[in-house]
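Visitor: A structural model of the following input is requested.
(chains A and B, ligands or ions: 4)
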Protein chains: 2
Amino acid sequence: MTDPTSPRTVRVDLGERSYDIVIGSGLIARAGAEIAARRPGIRCAVITDRNVAAAHLDSLVASLADAGVEAAPLVLEPGEKTKRFDELVRVCDHVLGARLERGDAVVALGGGVIGDLAGFAAGIVRRGMRFVQVPTSLLAQVDSSVGGKTGINSGHGKNLIGVFHQPELVLADTDVLDTLPIREFRAGYAEVAKYGLIDRPGFFAWLEANWREVFSGGPARIEAIATACQAKAEVVAADERESGARALLNLGHTFGHALEAATNYDSARLVHGEGVAIGMVLAHEFSARMNLASPDDAARVAHHLREVGLPTRMSDIEGGLPPTDILMTHVAQDKKVRRGALTFILTRGIGQSFIADDVPGDEVFRFLEDKRAS
Amino acid sequence: MTDPTSPRTVRVDLGERSYDIVIGSGLIARAGAEIAARRPGIRCAVITDRNVAAAHLDSLVASLADAGVEAAPLVLEPGEKTKRFDELVRVCDHVLGARLERGDAVVALGGGVIGDLAGFAAGIVRRGMRFVQVPTSLLAQVDSSVGGKTGINSGHGKNLIGVFHQPELVLADTDVLDTLPIREFRAGYAEVAKYGLIDRPGFFAWLEANWREVFSGGPARIEAIATACQAKAEVVAADERESGARALLNLGHTFGHALEAATNYDSARLVHGEGVAIGMVLAHEFSARMNLASPDDAARVAHHLREVGLPTRMSDIEGGLPPTDILMTHVAQDKKVRRGALTFILTRGIGQSFIADDVPGDEVFRFLEDKRAS
Ligand SMILES: NC(=O)c1ccc[n+]([C@@H]2O[C@H](COP(=O)([O-])OP(=O)(O)OC[C@H]3O[C@@H](n4cnc5c(N)ncnc54)[C@H](O)[C@@H]3O)[C@@H](O)[C@H]2O)c1
Ligand SMILES: NC(=O)c1ccc[n+]([C@@H]2O[C@H](COP(=O)([O-])OP(=O)(O)OC[C@H]3O[C@@H](n4cnc5c(N)ncnc54)[C@H](O)[C@@H]3O)[C@@H](O)[C@H]2O)c1
Ligand SMILES: [Zn+2]
Ligand SMILES: [Zn+2]
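Guide: Ligands and ions are numbered 1, 2, ... in the order given. Predicted coordinates for the structure are as follows:
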């Protein structure tokens, strides 16, 4: 048997755009060596945010320097607001100012915000440079760093401007999660559980048994992250540009996004993963109400997410929600809804999710009316 | 034989990203029908500039309306300065504000500036929308609208930010060139002649015999543009992302770009195609000096370009040039120069261009010293 503490590698299979996700302890200290081994002579711009920089930038820069890799760091403000055009311009200018060429790399050291922004810059400077992700939040390690979606927000909505630009290496150092605020860790955990709920019932059961070790660190954390990455990698390989099966990754997200919008994306009230947690419970409950799945499954999902400390009901959101007809406009405006038809990810039970087209809007409305009170 | 005045179609062969370039007279009046036939139900944003709008926007919008295609127009300032981040944001906002979805289209009605900017927006709004080019300058019809390079300028240099995003249809209406200022027509003609000089000696000879008809309009113009598009389409199909053979399209461009930079991109002094004209003559003369080609070929190229009214010598540029060592820094900073090695497109004669690596910088320097005086 292999040592459970040694790094794991997940391959994302995309033809000539294939790449490795390496998951393990102490990877930041080895980042320079990993990058230099793959691309001798490469130079880098390291994009990060102030929180992450305080805890991890020095180690990464030292590791790059030790391997002879020049690195020009840029530290941005933390938070979703950083995913905007002005900051994109700053990153592009920084990369060009460092005189990097097409074959050089933009390195994202941070959560999904930094990964999305830096990846977008990597996708457009010189019409596409190399891109390396060093995700530092759990959400980034299991979700945003895998799959090549990059982008920024617009006044018209979240993530509306961007490109598909695959990284050529992802280094997920599981130790860096120890400095992540627990609320952010839990939010990322909702996405980990999601992969079990989509099509890996055994993984969901394993999480029910082992979640404490995932939270505390060590081999179970590596195992959980590797399984999640493997799950996302398979979906991405089957549908790189999100034309079909990739929609399954939106389990819990139509309701979740609506709740985020309804709370004005105020992270003090609700962070994305919390919205997804409530959304996944709602998706299971709605599926039960439509007689697609057993209500016991919905209860089991709610029980587990609640146990790890996640919100699972609309009433868990502080400060109240707008009326249901307003909620519904957020449900329908979700950009995965095409030309007015309501598309949801529903389920036949744990690990049996599917894409449902033409979900009747009035059923959803009545369901939300009933649920918000409970 | 087919009617020489009927439209010609050139197919750009790029697997699932393949598309047609239709070249002919009166195509703007048929644009709505062409688009609606290919994509029933599609909606559009039409991006253009003030000059082009004055002459052709109404006809295009009417043609779209007749075919039942909704179109939201946006008119920008003409000129290279429009290829910047602020204007990109405006275009993206306009497209999103018109509530277009991924399957809808951005239509570029204009020269290379509008095509590059609108194409970039199409490449990033919703991570890639459909894109239709209606090129209105000769340069755009034979060069910038073909091949999928889009982008904007940065303080660090021209075209440094962008994406590869292929259009799904190019409609080159050869009549619209009648409103193009003659100087712009000539500049575009330099790029037409370039295809002959790269690898189509018969086409160059045909241009020597027929250029007057190309300038005056009619079947010869259609023929010339179709041949140029065919030539570019073949190069692009062989090397979509510019890693090798596509560099041949830079014939005349290393010198040309250096001259543009040396005149501060002041279009009153030198427009791009004029720089390319001088650059192509220099490339032939330098090749002769290196004993690669006959000096007669260089003389023939210079004669033809001069005959159509293009500048062919550095001394044709009004206002003088900086010292040769400054010119050389522009030659070497050209972004096609990789890691210090000087790469040029040289030639063994008309229609026999090739990529030359490791061209000795000092030879180029002495050549420029000699030539600028002549
Ligand atoms: N590209 C995709 O496929 C994809 C998928 C899902 C989400 N996203 C995007 O990801 C973003 C959310 O990602 P996120 O949750 O990582 O947000 P984030 O990047 O804002 O990180 C959350 C917070 O944790 C801090 N942080 C991150 N790592 C830390 C560490 N190791 N130690 C201390 N603090 C740390 C950050 O500074 C920030 O304050 C959203 O913008 C979302 O749209 C993208
Ligand atoms: N994407 C590519 O592969 C590629 C290739 C070559 C050049 N380019 C880019 O193309 C741009 C140059 O293109 P351009 O020469 O077409 O410049 P342009 O778009 O500025 O057009 C030149 C001038 O002609 C006007 N004009 C255009 N069509 C007209 C018409 N039919 N009637 C009246 N006026 C008209 C414009 O308003 C402008 O003033 C540069 O930015 C260059 O970088 C891109
Ligand atoms: Zn999510
Ligand atoms: Zn050119």
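
Visitor: can you pull out the strands in chain A?
Guide: Ranges of strands in chain A, per DSSP state E, are A:8-12, A:19-24, A:44-49, A:71-76, A:105-110, A:130-135, A:152-154, A:157-161, A:169-173, A:344-347, A:353-356.

Visitor: Adjacent strands (with direction) for the second one?
Guide: Pairing partners of strand A:19-24, with direction, according to DSSP bridges: strand A:8-12 (antiparallel), strand A:169-173 (parallel).

Visitor: Repeat that for the fourth one.
Guide: Looking at strand A:71-76 with DSSP bridges, its partner strands are strand A:44-49 (parallel).

Visitor: Centre of the chain to the partner strand, how far?
Guide: On the basis of C-alpha atoms, centre = their mean, to the nearest Å, strand A:44-49 sits 19 Å off its chain's mean C-alpha point.

Visitor: which other residues reach that strand?
Guide: Contacts to strand A:44-49, defined as C-beta atoms under 8 Å, 6 or more residues apart in numbering or on different chains, come from residues A:35, A:56-57, A:60-61, A:64, A:69-79, A:82, A:91, A:94-95, A:98, A:100, A:104-111, A:113-114, A:117-118, A:121, A:132. Where C-beta positions appear, they are placed from N, C-alpha and C, glycine not excepted.

Visitor: Find the one among the strands of chain A with the highest mean neighbour count.
Guide: strand A:105-110 (a mean of 30; mean count of other C-beta atoms under 10 Å in any protein chain shown).

Visitor: can you tell me if that one touches ligand 1.
Guide: Yes - judged by C-beta under 6 Å from any ligand atom, strand A:105-110 and ligand 1 are in contact via residue A:110.

Visitor: From the contact counts, what lies against that strand?
Guide: With contacts defined as 3 or more C-beta pairs under 8 Å, 6 or more residues apart in numbering or on different chains; DSSP states H and E, the packing partners of strand A:105-110 are strand A:44-49, helix A:112-124, strand A:130-135.

Visitor: Make a markdown table from those and add distance to ligand 2 and mean pLDDT to it.
Guide: Output for the helices and strands packed on strand A:105-110, formatted as a markdown table (distance: least, C-beta to the nearest ligand atom, whole Å; pLDDT from 0 to 100):
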| stretch | distance to ligand 2 | mean pLDDT |
| --- | --- | --- |
| strand A:44-49 | 25 | 98 |
| helix A:112-124 | 14 | 98 |
| strand A:130-135 | 23 | 98 |
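
Visitor: and of those, who's closest to residue B:262?
Guide: helix A:112-124 (27.7 Å; C-beta to C-beta).

Visitor: relative to strand A:157-161, how tilted is the closest one?
Guide: For helix A:112-124 against strand A:157-161, the angle by axes from the mean of the first three to the mean of the last three C-alpha atoms, to 10 degrees is 20 degrees.

Visitor: outside of stretch A:282-295, which residues touch it?
Guide: With C-beta under 8 Å, 6+ apart as the test, stretch A:282-295 has contacts from A:197, A:251-252, A:254-255, A:297-298, A:301-302, A:314, A:344-349, A:352-353, A:363-364, A:367, A:371.

Visitor: hmm, back to that, output the strands paired with strand A:19-24 in JSON lines; the columns should cover mean pLDDT.
Guide: Converted to JSON lines, the strands paired with strand A:19-24 look like this (pLDDT from 0 to 100):
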{"stretch": "strand A:8-12", "mean pLDDT": "95"}
{"stretch": "strand A:169-173", "mean pLDDT": "98"}
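
Visitor: Out of those, which is closest to residue A:246?
Guide: Shortest distance between residue A:246 and the strands paired with strand A:19-24, using C-beta to C-beta, is found for strand A:8-12: 13.0 Å.

Visitor: could I get the closest one in PDB with only the CA atoms?
Guide: Taking Å, rounded to 0.1, in the frame of the first residue of the first chain, the C-alpha atoms of strand A:8-12 are listed here in PDB:
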ATOM      1  CA  ARG A   8      -1.600  12.100  -4.600                       C
ATOM      2  CA  THR A   9      -1.800  13.000  -8.300                       C
ATOM      3  CA  VAL A  10      -5.100  13.400 -10.200                       C
ATOM      4  CA  ARG A  11      -4.700  13.700 -14.000                       C
ATOM      5  CA  VAL A  12      -7.200  15.900 -15.800                       C
END
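
Visitor: Is it positioned near ligand 1?
Guide: No - on the criterion C-beta under 6 Å from any ligand atom, strand A:8-12 is out of touch with ligand 1, staying 12.5 Å away.

Visitor: what does that strand contact?
Guide: A:18-24, A:146-147, A:166, A:222-223, A:226, A:229-230, A:233, A:236-237.

Visitor: Filter the contacts of stretch A:282-295 down to the buried ones, PyMOL style.
Guide: Command for PyMOL that selects the buried part of the contacts of stretch A:282-295, burial taken from 16 or more other C-beta atoms under 10 Å in any protein chain shown:
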select buried, chain A and resi 197+251+252+254+255+297+298+301+302+314+344+345+346+347+349+352+353+364+367+371
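
Visitor: Which of the contacts of stretch A:282-295 fall within helices?
Guide: Counting by DSSP state H, the part of those found in helices is A:197, A:254, A:255, A:297, A:298, A:301, A:302, A:363, A:364, A:367, A:371.
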